[in-house]
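K.L.:
Got a predicted structure here, sequence first:
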Amino acid sequence: MHRSTTSHFGRVAAVAAAFGLAAALTAVPTRATSADESSPVKMAISIHVEGWRGEDTNREKFEHHRAVLVEIADAAEEESPGAKLTFELNATFVSALHNFGDDFVTEMAARGHGVGVHADVGGTPLPPADFAARLTSMKAAFDDLGVPARHVSGICSASPWVEAAVAAGFEATTGMVAFCLKSLPTGSVPPEYADLLVGCDVPSVCHEQVPTDMEHKAHPWRTSTSADWLTADPEGQLLLIAGESGGGIPCAAEAVAGELTGGGCDLDAADAEGFGTWLDEYAEADDGRPTSFVTAWSVGSVPDMDHARALFRAAADRVASGRVAWATVADIIDAEAADAPVEAEDAGDGHWWITNPTSGARLWTTVVAPDGLDAASPVPAVVLVPGGSADGSTFLDAGSSLPARFLADSGYVAVVFDPDGRGASGGSEDYDGSVHQDGLSEIVRWIATYPGVDPGRVGLVSRSYGVTMATGAITRHPEAGASFLIDWEGPVDRNDTGGCDAAHTGHLAGVADCSDETFWSEREAATFAAGIDVPYVRLQSRTDHAQPDSDSALMMVNTVLGAGSPQVQLNRRTVAAPLVSIPTRMLLADRLDRKLGLVVTDILGALT
């Protein structure tokens, strides 16, 4: 399905302009597109970080390896500003990160690069349960570093590798090569690939490109079975991202010349030209659908940095032409999800069932619209995010301080929903984690298509702990299109919500141990605030409704400001520089907590 190609920054610009903030946005890049113009090819380079023998116990060796990877990232950013690489880490390197307390993963993520797992386990046949257990263990070890792994490479096997990846919780895999054919039943291997399995005993000698057709290479597809992974299944649970996976970047020249018979190439001067040829071929093959280009670069030894820089310059040339754009593997996963239609069922009287694509649960959703809503005169939409463990009724009940009906009567489409496991919705309680964030993002995508809604002015208003769900949705799913956030007194971390400080308070106290990094990595607004690049407004009263101070407001405002948001406000005041403390004059009178509808519509007033 072809979707609008208006950029995320373009939506930000439109909303900021509506706030009267055009001057503050002069440095924000935008790209004008028309409905008939194709979006640029999403280009991802996956760095397979092969473990160096003994580096998990030898700090000097580990730090040398780390320095090589950082040098690659530095070179990419210097030769092509805005470059995004994806580092997929071997278990040995992950073990070293744990042993030495290193922050490589969070550092790369903060710089805009992607991270994932390079399992490199497919060559050893394992029983299905053991295979899934090994991948699960690898993902858990990676996730404990602070950034959940969404994708994995190096898993193709005669064992059920697709099912193992799904069981481990991965969303996608890269690195499709001939060895992946080993899982197909005898007699079902396509004739054009049959010769590739002759002598195909280990991945290293069975590394030819599969599939070879541009349809598969440029357009990721889904599957749920290793026995028929070449056949697309729209309901499949694992996204397969092929691209140019054969020999990867060090074999680009050989692959373009048709001389590649497997892996084992060395990066040289010709590979930058071959890489550029690949990009040109993918750009020419663009048929209006979202197109992606992914290739791997296995870094097991120190690469020639002159050749690496030539490669990044070749990428920069194509990016400058507008036909190619840098992306991480996670960006490609998100783009594929954004291109899928939202599953929505009209339940009548303004009620809808919206399916959360992650959990499969149907979310009870209510649209409260202004009288006379007209598609010819679209208006902004506001998705209201409940706090604590509440459901959407908190915005519908008589006496609500932020009533959806009041927003609708003020000219906005108000959207109320029950997250997974709450109210009338299906699914299980997720405490505002990734499942809840994914459901909220799907609702944002859906309401942007609602007749009478301006898709460029769909924002979020969160109550209290709902800020965790809201910031997670915006940061993890920029493609959904949420274009502003108004946050009422949201707590920022486990100290406020999990009882992890001296006060021992918070509605999640006892739900998870304070040292459970996997749990909390999905449930602290402070983490996601660093990725907020849309206008942000913090509503904060003199007396917080739950916390003994306004420290959460201070942290959120300063973190979002540092993230590069085009506009940050504390109540009605613009914040242009980090705050050391919050003067009382900047805070709302406590009585306004009971009249949030008035406060929010005042903030939203410039949007109409």
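P.N.:
Good, I have the coordinates. Residues are numbered from 1 along each chain as shown.
K.L.:
how about low-confidence regions in the stretch 151-300 of the chain?
P.N.:
Along the stretch 151-300 of the chain, the model assigns pLDDT under 70 to residues 261-264.
K.L.:
Report the buried residues of stretch 235-244.
P.N.:
If you call a residue buried by 16 or more other Cβ atoms under 10 Å, then stretch 235-244 has these buried ones: 236, 237, 238, 239, 240, 241, 242, 243, 244. C-beta coordinates here come from the backbone N, C-alpha and C atoms, glycine included.
K.L.:
ok, what's across the strand from residue 174?
P.N.:
residue 153, residue 241 (DSSP bridges).
K.L.:
Surely it and residue 151 touch.
P.N.:
Yes: between residue 174 and residue 151 there is a contact at 6.4 Å, judged by Cβ atoms under 8 Å.
K.L.:
Mutual contacts of those two, please.
P.N.:
88, 241, 329 (Cβ atoms under 8 Å, 6 or more residues apart in numbering).
K.L.:
which residue is nearest the middle of the protein?
P.N.:
By Cα atoms, centre = their mean, the mean C-alpha position of the chain lies nearest to residue 476, the distance being 3.7 Å.
K.L.:
Go ahead and confirm it touches residue 437.
P.N.:
Yes: taking Cβ under 8 Å as the definition, residue 476 is a contact partner of residue 437 at 5.9 Å.
K.L.:
how would you label residue 507: helix, strand or coil?
P.N.:
coil (DSSP: H, G, I helix; E, B strand; the rest coil).
K.L.:
any idea how far it lies from residue 390?
P.N.:
Applying Cβ to Cβ, to the nearest Å, the value for residue 507 to residue 390 is 10 Å.
K.L.:
And the pLDDT for residue 27?
P.N.:
At residue 27, the model reports a pLDDT of 26.
K.L.:
and what of residue 338?
P.N.:
Residue 338 is given a pLDDT of 75.
K.L.:
Just the element for it, please.
P.N.:
Assigning secondary structure by DSSP states H and E places residue 338 in helix 329-339.
K.L.:
Repeat that for residue 558.
P.N.:
Take DSSP H and E as the rule and residue 558 turns out to sit in helix 551-563.
K.L.:
what helices or strands is the very next helix or strand once past that helix leaning on?
P.N.:
Once helix 551-563 ends, the next helix or strand along the chain (criterion: DSSP H and E) is strand 568-570. If you count contacts as 3 or more Cβ pairs under 8 Å, 6 or more residues apart in numbering; DSSP states H and E, strand 568-570 packs onto strand 536-539, helix 551-563.
K.L.:
Show me what strand 568-570 pairs with in its sheet, parallel or antiparallel.
P.N.:
Sheet partners by DSSP bridges: for strand 568-570, these are strand 536-539 (parallel), strand 573-574 (antiparallel).
K.L.:
In it, which residues are buried?
P.N.:
Per 16+ other Cβ under 10 Å, strand 568-570 contains these buried residues: 568, 569, 570.
K.L.:
re the thing from before, how about residues contacting the helix holding residue 338?
P.N.:
Under Cβ under 8 Å, 6+ apart, the answer for helix 329-339 is 1, 3, 42, 44, 46, 84, 86, 88, 114, 116, 150-151, 171-172, 174, 220, 239, 241, 289-290, 292, 294, 327, 357, 445, 476-480.
K.L.:
Could you do stretch 124-144 as well?
P.N.:
With Cβ under 8 Å, 6+ apart as the test, stretch 124-144 has contacts from 89, 91, 94-95, 98, 105, 115-117, 119, 121, 148-149, 152, 155, 157-161, 163-165, 167-170, 517-518, 521.
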